[in-house]
Structures are given as C-alpha cells and as structure tokens.
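Colleague: Whatever this is, show me its structure:
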Amino acid sequence: MAERGGRITSQDLAVESPGKVRNVVLVGPSQSGKTALVEALLVASGAVFRTGSVLEHPTLTGDDSAHGRSSSLLVAPVVHGGCKINLLDTPGYADFVGEVRAGLRAADCALFVVAANEPVDASTRQLWAECAAVEMPRAVVVSKLDHARADFDTTLRGAREAFGDRVLPVAVPTGDGISDLLGQGDDDRRGTLIEAVIEESEDESLMERYLGGEQVDEDLLVRDLEQAVARARLFPVLPVCAADGRGCVELLDLCVRGFPSPLEHTPPDSYTPAGAAAGAVTCDPEGPLLAEVVRTSSDQYVGRVSIVRVFSGTLVPDVAVHVSGHFSAFFADDTGHEDHDEDERLGALAHPFGAQQVPAARVVAGDIGAIGRLGRAETGDTLSSPDLARVLRPWTMPTPLLPIAIEALSHSDEDKLSTALTRLRAEDPSLRIENNAETGQIVLWVMGEAHGEQALDRLQRRYGVAVGPQEVVVPLRETFEGPAKGHGRHVKQSGGHGQYAICDLEVEPLPQGGGFEFLDRVVGGAVPRQFIGSVEKGVRTQMERGVSRGYPLVDLRVTVTDGKAHSVDSSDAAFQAAGALALREAAAATHVVLLEPYDEVAVLVPSEHVGSVMSDLSARRGRLLGTEEGGEHRSAVRAAVPQVELLRYAVDLRATTHGAGSFTRTFAHYEPMPDELARQVEERG
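Modeller: Residues are numbered from 1 along each chain as shown. From the prediction side, this is the model:
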C-alpha cells in the first residue's frame, strides 16, 4: 500500500483480477466496535497513520446524523497480502437493516463483530439470521479485548450457543498477543478446529491420515478452511483489539487466505427489462457489464454519488450505460419506487474510501466503485450495456411499518418538498413515501424512530426543506345501521330548459365487506331507462363524499323503486342530483355507523415473550386469531387489530421484546368503531 501515513493513490487500489479482491461486510449490533475495527485495520495495513485521519463516516461529521448513530453503509479498502480488501461497515441499529442488506449484497463474506464485554443478545441473533438468510459466509470477530469486563471464553461460549457448534476459534488471545491455532499450539481447541476443517475437505483420506498421526500441512488446512467458510459450513472466530492492534494483521491474513473471492460467490439472477430470465452471471472482467447500485448519497456540492458492486464486465469512464429499476417485477408490495429504464453516460469513477473518493481509471468485475452524477440511478438499480440491457434481482427490502405524517413549514419549503422526497427515496429503498389522496397527508413509512429522524434530518440539512410532524390520520368509513328509504326531488325552473328529476330509493346495509350493490326495480317506466345509470352515478358520488361525517359509505345495497321524469327538463345531471339527495335523506332516517380499518398482524417473537405480546395486542382492542410455531424457539401470534392502534406498534414491540420481535400487517376489513371513540372523532371535527 502507500507509504505509512501517506496518501492513498489510484495505483494502490487498482486491481485487474477478481481473484485479487475480497469484499468483506462488517455486521453486528451497535457499540460492538465495527467502525473502530475498520479504522484499526486501516492503520494495520498502512492505509492511514492514525485512527480517524482518513476514515470520516458521514454520519459522524454531522451531515447524516441521527442522535450520533451510524446509519449508512461505508466502504473502506485496504491492500494486504497482494489483495484488495473492501471493508464495508454497516449500521448496527435495528432501524437501518436496509443498509445491512445492501452491504450483504455487495460483499462475499461477513465479519460478525461481537464485543467481549457484552452477551449475545436478541438483536445480535437477528443479524446472524439476516446473514444466514442469504447464505453469506461468515467469520466472528471478538472485539474490545481491552475492556475491563472482557472475557473471550465467555463470549465464545455465548456465540456457540447462539450460532451453533460450527463456530470455532482459529486463534485465541494469549497475554498481550494472539495464538494462531492452525499454525501452532497443541491443545484441545487446535485439535477440534483441525478435525472440523478436515471434515469439509474434498480429500476423503485426510481425516484417516490425520487421526493416524500424520502432520497436516498448514497451507492445506488453510485451503480447506477457505472452502468450508465459502460454503458457510464453518465460522472461524478471531480475537481482535482495535485499541492496541492485537489480531489486526491476523484478521487481514484470514481475509486474504480464508475468505472467498468474488469468483466463488454466486451472483444474483439476471433478467431482461421485460422480465425474461437472462441466464447466469459470470464474474468476468471481459464479460457484459452488470453492476448494481448498493448505496446512493447526495451532496449539494458533489451531487449524487452511486456506490456500485460490479458483478460482470468492467466500468470505464465516459461510456453509456443502461440504468434499470424494476422493483415491481420482484416485490408484491408497493415499494414506492417507479420502474424506469434510461441510458446515461458515466462520468468520473472512483474507489470509495470512507467519506473520500480516490480517482479510478476502471472498476473490474468483483470490485466496488463509486460513480458521480448518475442522475436517475437509485439504490437497487442495475447498470448494464445499452445494447444488452439487464436487471438483477434486487435484494429483499425490509418493510417499513412506522408511519410519520409531515407537512412543509412554509410555501418555499412546500415548493421544494416534492423534489427532496424524490431524492430521498432514490437513496433509501427501505423508506416508503405515501401521498394519501383521501387524507391529504404525506406519510413517510420508516423502520423506526431513528430512521424517521434520519429522514427528517436529511430533508433539513441536505435539501434545505423544513418540515414538521403531523398526527397520522387513519381513513375511516361509514355505513347504515339499518334499512331506510329516501326521496330525492331535484326540480328547478329558471327560464328555458329546467331541471326535473325525482327518484325513490331503498337502502339497506350489506354484511361486512359486502361492497356496493345497485338494483333497479322501477316499473312502468317511471324513471326512463336512460336515467337509471344517472341515479346510480349520483348515489356513488354521494357515497364517496359521505353523508354524516364526510367519510365514504361502504357495504350498501341501494334499490331505486320509483320516480318521475319530464319529457323536456329531465337530464343525466338532474337524476344524478336526485340520486344523491335521496341517499342523504335515507341517511337522515337511520343511524350512520362509523367504521374503522382493521389489519391482520402476524407477530414473530421468542416464545418467552408470547404472553406479554398477546396481552399488549388485547389492550390495543385486538382480537387474537391464534398462535403457531415460528421455528428456532419462536412463536407467531396472529391477531386482527384496529389500524389506529398500530401507529406506533413498530416502536412499542421493539421495547416489549427487547428488540427480538418483528411483525407484518395486511389490511383485513372495516368494523364499527366503539361509540366512545366515534364521539371523540365527532368532537375533533
């Protein structure tokens, strides 16, 4: 690498072969020491002279902060042992799991960081499950060895209990140093490790020879270890202390010798923009271009910067690329991201290095690069050749379940808000923006309070738009409590053609979810056939406007039974007006019930939390529908719950289960609102 303490150059970071790249994502809970570890590895490799001199995470410099929490994916490359190691630091806070999943997509192996002074908690287990879900090869780093309460052996036992018996140390702390179990030592841990590695060897005779007393060459063990790690069959554990550098060189060695290269990692499936399968992707610098945007950031001076993982081909400056975004083809839920296909010309390329950019002449398959000023590219989009357009299957986006309604604080802010939200959405696929036509509110659906704070902070700091929160309005409905009749008379005469239409309606409620039925039982042509549809249109229009509190009417059967027409003055508009009047009169003759929406929720929690979750759902006026096994000592609780009671459930569930619970929600139906709550709605107007 560059001379110790010197400036990193393009030559330092340039690679020509995917086999010389290691993409390693660091995952772990908050306060586990991930960012400190990245900085220590930069120091150990000679990339920087001291901690913090180059690695300036945007969230730590005030531009992207949410109460000091790291909330964005960061890339910092080092060169060691002839390989470029792209270290991807991910947030540990649960709200930013979207950034973790982006890091998993960009990487070929994960370093799972756990602190030696803390137990393996529920959020740590969830992060491990995130890695397991995408079959990501993993290693475990036990950090913070210098802490007063640090205990490597206890942390190792906790990791094995949480993650399984294939979690095995490849080194152990010894006083002020690290003992490498593959290369030295003669204890039980070394024997257990070697046997586990040999079990994964393709040489079936190796175990017999080893048990017979034959010494196994260390290079052979390292080769078999790398294969076992690449297959996610073995998870090596290494102690590292960022404060004094212990284990940093050994960890870099493990990245080079024991982690898979991009050549060994199966890329995502590719498709044509029309949705047809396009065959397997090969990590070949000479192949067709296929790259994916894993992070997007915007700056008022630099503009939009896209961090991309190149899966095939080579990125070079000043060439045209095709930008494809097709979330709707892969996700059933509306992500709020419109499908798009455009050709754009690449500008300057760079190697991302913390908050800095090192100019790059090219970025080959397997490597990670930065592209400036791609005007349309969003996080999750695919870059390909214009003459061979492709779309990579996006990683699974987390579902935001906490709504935050916002309003611009001034006319100038209102003018800028739409553009700012578009940019915000391009950066963050885990953010959904809803423009609710019924309530007139702009609602940001976020992962949690910190995610919401980050979104509002970016609007203010990055885009200069001041917004304030509103109370989220849940759309309600109305229906008739019982049958009623209505008479609609719309007769006006003001010279020339007048307006004449009379109709009689019978209205009755339908069962829950019954929708709307319109029947014609007029006899003798009292209402001419051409005006029956006009009456129905007037009824439907009035139902949308509501008849009592302004909420739409649902679940009704309306029958037109009689009426009168005039040979000259009757018209479509007149009978529409008469139909609306008749419906309003029928409403005045009965009680109009206020309905509220219910969602069916499925809450997945550790089994010990089932009781508290069920009690909490009942307190929210929820109706329990049942429980079932959720696997791995977890249970799924299903219930129908009023939407208004779920507005902050994403936050409250996290508190109730200490971060171990998750839930999904789908619209179920409308039910009558309790009288007391209905009166409160009326009082609020």
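Colleague: use CA for all of it now, contacts and neighbours both
Modeller: Noted.
Colleague: ok, residue 398 - how many residues close by?
Modeller: 18 (other C-alpha atoms under 10 Å).
Colleague: I'd like the numbering to begin with 42 instead of 1 from here.
Modeller: Right, with 42 as the first residue, what we last looked at is residue 439.
Colleague: wait, doesn't it sit right on residue 473?
Modeller: No - shown here, residue 439 and residue 473 do not form a contact pair, counting by C-alpha atoms under 8 Å, at 10.5 Å.
Colleague: Excluding sequence neighbours, find me the nearest residue to residue 515.
Modeller: Excluding the flanking residues, the one nearest residue 515 by C-alpha to C-alpha, 6 or more residues apart in numbering is residue 685, at 6.3 Å.
Colleague: Check the secondary structure at that neighbour for me.
Modeller: The local conformation at residue 685, judged by DSSP: H, G, I helix; E, B strand; the rest coil, is helix.
Colleague: Look up the pLDDT of it for me, please.
Modeller: The predicted local confidence for residue 685 comes out at a pLDDT of 96.
Colleague: quick one: low-confidence ranges for this structure?
Modeller: Within the chain, the ranges that satisfy pLDDT under 70 run 42-48, 90-111, 226-227, 340-343, 375, 536-537, 726.
Colleague: Which parts of it belong to which domain?
Modeller: Using automatic domain parsing, the domain parsing of the chain gives 59-224+276-305, 311-433, 443-511, 518-631, 636-725.
Colleague: Which among these is found nearest to residue 234?
Modeller: For the domains of the chain, distance to residue 234 was read as C-alpha to C-alpha. The smallest value, 6.4 Å, belongs to domain 59-224+276-305.
Colleague: distance between the ends of that closest one?
Modeller: 10 Å (C-alpha to C-alpha, to the nearest Å).
Colleague: quick one: it to chain centroid distance?
Modeller: From the chain centre to the centre of domain 59-224+276-305 is a distance of 22 Å (C-alpha atoms, centre = their mean, to the nearest Å).
Colleague: and the longest strand belonging to the chain, what does it pack onto?
Modeller: In terms of residue count, the longest strand belonging to the chain (DSSP state E) is strand 633-647. In terms of contact count using 3 or more C-alpha pairs under 8 Å, 6 or more residues apart in numbering; DSSP states H and E, strand 633-647 is assigned the packing partners strand 518-521, strand 675-683, strand 703-713.
Colleague: So which of those is the most surrounded?
Modeller: strand 518-521 (a mean of 24; mean count of other C-alpha atoms under 10 Å).
Colleague: Show me the residue at the heart of this structure, geometrically.
Modeller: residue 439 (2.9 Å; C-alpha atoms, centre = their mean).
Colleague: so which strand or helix has that residue?
Modeller: Per DSSP states H and E: residue 439 is located in neither a helix nor a strand.
Colleague: just the one 5 residues further on next, same as before
Modeller: Secondary structure here is read from DSSP H and E; on that basis residue 444 sits in strand 443-449.
Colleague: and what of residue 516?
Modeller: Using DSSP H and E, residue 516 maps to neither a helix nor a strand.
Colleague: give me every residue that touches the closest residue to it other than its chain neighbours.
Modeller: In this structure, residue 516 finds its nearest non-sequential neighbour in residue 480, 6.6 Å apart by C-alpha to C-alpha, 6+ apart. For residue 480, the residues meeting the contact criterion (C-alpha atoms under 8 Å, 6 or more residues apart in numbering) are 514, 515, 516.
Colleague: Specify the local secondary structure of the residue nearest to the first one when sequence neighbours are not counted.
Modeller: Leaving aside its chain neighbours, residue 514 sits nearest to residue 480 (6.6 Å; criterion: C-alpha to C-alpha, 6+ apart). Here residue 480 is coil, with the state taken from three-state DSSP.
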